[in-house]
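K.L.:
Curious how this folds, go ahead:
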Amino acid sequence: MLKPDHAISRRGFLAAAGAVGAAACAPAAVPPPGAAPPAAPGSAKAPWEQEWDRLIAAAKQEGKVSVFTLTGTGYRKALDAFESAFGITVEHQAEASASIWVPKMQKEREAGVYSFDVVVVPPNSALLRLKPQGAWDPIRPALFRPDVTDDKAWRDGFDGQFMDVDKQLAFSYEYDVNHAISIDTNQVQPDEIKTVKDLLNPKWKGRMMFSDVRVGSTYLAMTAIRDQFPDGDAMVRTLLVDQQPVFVRDARQRAEAVVRGTFPVVLGAAPAALKEFRDAGVAGHVKYLDIPEIDIIFNYSVFLYNKAPHPNARKLFANWLLTKEGQTVWCKNVPTNSARVDVEVFNHDGAPSPGRKYYASGQESTYAKQADTQKHINGLVGITN
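P.N.:
Numbers count the residues shown, from 1 in each chain. Reported below is the predicted structural model:
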């Protein structure tokens, strides 16, 4: 993990942002996300520049913004950069999982309490459970900077980053690949497994370890297979039943299995669990495979909370976050990879290959299929609850 930057001054942040903003990928004539520069003599500022200046002034009047994320020290460091750049206090709230934060927000809303401005989370629970309650305001009309709305700035275009079916509520800034399969290269040659169908080779029968089928790394991977192959159901049955993998819920145990070579092929050895072994210098032989048919994108998204206490500050924060400069600060500190094409890779384990398209697990249109897959594979392995 790269070391996060220390908190920086407003002047230092804007100076650094100006240097980065000169990259060719950024749309022409768009300054870094501080106050818009003075107009040339005899010319007026562009409308968006005038709006940006008005927004900064209005947000400063509000004085603060409340941002909710999942737990992680990197988030606070990224929020400190926003705070330093604009002089607006950031109240940061965080929880470990949707099983905690979703009921919390539901109860607060029922009591008429609205304590958040911006929510940055995986979109699935946010859309499935809170969208029906009207918890989200549309973010699309709030995004107005040309360097944010430019199609060329984003891997799948501006529209392609919206996770909700109406393309209004959930904007995904992230493109971080969960490479499902890791191998022990002492036992498996990297070119032995190039596609999902290579995993069906009887050679691997009884020699694979998978995460529990109720864990996302397995049921989402199986959804991707069912989605992309006409015989996807048969392939899933072969993988989960005929190939006789061992299912393990503990993430560290899966990582240890591929490190020690107990199982030469492991599905669900997460980089976070592998880090301990890498730090000890004993995981150099472990390699993640790039297989788009089974690899998953986890689409962390930005939401605007309904009845937010600081509407101008939340709009300022959302636009800043999605600029090249905001994404660089955010993704470096978390760390993760941005869906912006002009931001460098910070999580090399999750780096996408150029030209390859991966299964976007956060797309609202896929949720019904994911639920069906969960039920289907539970049945295959005999889980009834």
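K.L.:
where do the helices sit along the protein?
P.N.:
Remark: helices assigned in the chain by DSSP state H are 10-20, 47-62, 73-86, 98-110, 123-125, 146-149, 216-228, 232-237, 251-260, 271-279, 311-321, 324-333, 367-381.
K.L.:
Dump those into CSV; add distance to Gln243 as well.
P.N.:
C-beta: built from backbone N, CA, C; applies to glycine. Shown next, in CSV, are those (distance: least, Cβ to Cβ, whole Å):
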stretch, distance to Gln243
helix 10-20, 48
helix 47-62, 55
helix 73-86, 38
helix 98-110, 31
helix 123-125, 28
helix 146-149, 45
helix 216-228, 13
helix 232-237, 10
helix 251-260, 16
helix 271-279, 23
helix 311-321, 43
helix 324-333, 36
helix 367-381, 12
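K.L.:
so can I have TSV of these showing mean neighbour count and mean pLDDT?
P.N.:
Shown next, in TSV, are those (neighbours: other Cβ atoms under 10 Å; pLDDT from 0 to 100):
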stretch	mean neighbour count	mean pLDDT
helix 10-20	16	39
helix 47-62	16	97
helix 73-86	21	96
helix 98-110	15	95
helix 123-125	22	96
helix 146-149	20	98
helix 216-228	22	94
helix 232-237	17	97
helix 251-260	21	97
helix 271-279	16	95
helix 311-321	24	98
helix 324-333	25	98
helix 367-381	16	95
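K.L.:
Which of the ones you listed sits closest to Phe346?
P.N.:
Nearest of these to Phe346, taken as Cβ to Cβ: helix 324-333 at 5.0 Å.
K.L.:
The closest residue to Ser353 other than its chain neighbours: neighbouring residues, count only.
P.N.:
Leaving aside its chain neighbours, Ser353 sits nearest to Asp290 (5.3 Å; criterion: Cβ to Cβ, 6 or more residues apart in numbering). If you count neighbours by other Cβ atoms under 10 Å, Asp290 ends up with 15.
K.L.:
Just list the residues touching Asp290, thanks.
P.N.:
Going by Cβ atoms under 8 Å, 6 or more residues apart in numbering, Asp290 touches Val177, His179, Ser353, Arg356.
K.L.:
Which pair in the residues you listed has the greatest spatial separation?
P.N.:
Spanning the widest gap among those are His179 and Arg356, at 11.4 Å by Cβ to Cβ.
K.L.:
all strands for the stretch 101-250 of the chain, in order.
P.N.:
Secondary structure of the stretch 101-250 of the chain (DSSP state E, counting those that start in this stretch): strands located at 118-121, 136-137, 171-172, 177-178, 181-184, 208-211, 246-248.
K.L.:
center of the chain - which residue?
P.N.:
In the chain, the C-alpha closest to the average C-alpha coordinate belongs to Tyr300, at a distance of 3.3 Å (Cα atoms, centre = their mean).
K.L.:
Surely it is in contact with Ala170?
P.N.:
No: in this structure, Tyr300 is not within contact of Ala170 by Cβ atoms under 8 Å, at 9.8 Å.
K.L.:
Quick check: closest non-adjacent residue to Thr336.
P.N.:
Thr336 sits nearest to Asp176 (Cβ to Cβ, 6+ apart), 4.7 Å away.
K.L.:
thought the one you found was touching Gly350?
P.N.:
Yes: between Asp176 and Gly350 there is a contact under Cβ under 8 Å: 3.9 Å.
K.L.:
correct me, but Glu83 touches His92?
P.N.:
No: assessed by Cβ under 8 Å, Glu83 is found out of contact with His92, at 9.7 Å.
K.L.:
quick one, domains of the protein?
P.N.:
Each domain of the chain is listed here as a residue range: 10-176+298-352, 180-294+365-381, per automatic domain parsing.
K.L.:
and the last one, how far apart are its ends?
P.N.:
For domain 180-294+365-381, the first and last residues are 20 Å from each other (Cα to Cα, to the nearest Å).
K.L.:
Across the sheet, point out what pairs with the closest residue to Leu169 other than its chain neighbours.
P.N.:
In this structure, Leu169 finds its nearest non-sequential neighbour in Trp136, 4.6 Å apart by Cβ to Cβ, 6+ apart. Counting by DSSP bridges, Trp136 is bridged to Tyr305.
K.L.:
and the end-to-end length of stretch 293-300?
P.N.:
21 Å.
K.L.:
What residues sit buried inside that stretch?
P.N.:
Residues of stretch 293-300 classed as buried: Glu293, Ile294, Asp295, Ile296, Ile297, Phe298, Asn299, Tyr300 (neighbour count, 16 or more other Cβ atoms under 10 Å).
K.L.:
With stretch 148-162 instead?
P.N.:
Val148, Thr149, Asp150, Ala153, Trp154, Asp156, Phe158, Gln161, Phe162.
K.L.:
and the least confident of these?
P.N.:
For the buried residues of stretch 148-162, the minimum pLDDT belongs to Asp156; the value there is 93.
K.L.:
How about the contacts made by the closest residue to it other than its chain neighbours?
P.N.:
Nearest residue to Asp156, sequence neighbours excluded (Cβ to Cβ, 6+ apart): Ala339, at 7.1 Å. By Cβ under 8 Å, 6+ apart, the contact list for Ala339 reads Trp154, Arg155, Asp156, Gln161, Ser172, Tyr173, Glu174, Tyr175.
K.L.:
Next one: Ala339 from Val345, what distance?
P.N.:
Going from Ala339 to Val345 by Cβ to Cβ, to the nearest Å gives 12 Å.
K.L.:
quick one: common contacting residues for those two?
P.N.:
Going by Cβ under 8 Å, 6+ apart, no residue sits against Ala339 while also sitting against Val345.
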